[in-house]
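Student: sequence unavailable; structure follows:
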C-alpha cells in the first residue's frame, strides 16, 4: 500500500470555490450601461439628419450627411455610456462588457465595409437597408449580454431594414429617420426611465 497523499488545505478549496462562483456570476451577468438619455439625444440628431438629407435626394451629399450623423451619434453614445457606467460603477473590462462590445461591433464593422463597397460602386440606394439591417443585427446579437429591451430594439431596426429593401429611395430615407430617430427616441426613453438613465 502506497503512502497516503495529504489532502489539499481547506484554504485552497475555498479559493477555488470562490473563483468558480465569481466566474459563474460574471458569465450570468449582463452589461447594463446602455445610455437611455444618450439614445434620446441620438434620436433628435437623426431626425434632423433625415430632414436635411431629404433635400439632397440620392447623392454623395446625402450619404455624407448620414455618415456625419453616424460619427455624431457614436460620440454622443460613447460619452453618455462612459458617464452612466461611472455613475453605476460598471467596468468596461469585465466579461459582460467584453461580450457585449464584441457582439455589437462585429455587424457595425461589416456595415462600414459594406458602405465603402456600395458607395464605390454607386449603389447608394442599397445603403438605407444595409444600415438598418446591420445596426439592428448589432443590437440583436449584443442584446444577449444586455438588458432585455436591447434585442427588441434590434428587431425593430431589422424590420425597417427589410421594408427599406422594397420601397423608393425617398421612403427609405424616411425609414432611416424613423429608425435612427424614432426608435432611438422611444427605446432611449424606455431605457432611461426603467434602467437608470
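Tutor: Good, I have the coordinates. Small disclaimer: the values here were computed from a predicted structure and weren't measured.

Student: how about the helices in this structure?
Tutor: Assigned by DSSP state H, the chain shows helices spanning 10-28, 36-54, 60-87, 95-120, 127-142, 149-164, 169-176, 184-194.

Student: how far is the last one from where the chain is centred?
Tutor: What that stands for is helix 184-194. Chain-centre distance of helix 184-194: 14 Å, with C-alpha atoms, centre = their mean, to the nearest Å.

Student: that helix packs against which elements?
Tutor: In terms of contacts (3 or more C-beta pairs under 8 Å, 6 or more residues apart in numbering; DSSP states H and E), helix 184-194 is packed against helix 36-54, helix 149-164. For glycine as for every other residue, the C-beta is placed from the backbone atoms N, C-alpha and C.

Student: for it, buried residues please.
Tutor: Along helix 184-194, the positions that meet the burial threshold by neighbour count (16 or more other C-beta atoms under 10 Å) are 184, 185, 187, 188, 190, 191, 192.

Student: now swap in the third one and tell me
Tutor: By neighbour count on 16+ other C-beta under 10 Å, the buried set for helix 60-87 is 62-63, 65-67, 69-70, 72-73, 76-77, 80-81, 84-85.

Student: just the buried residues of helix 184-194 now: which is nearest residue 100?
Tutor: The shortest separation between residue 100 and any of these is 14.1 Å, and it belongs to residue 191 (by C-beta to C-beta).
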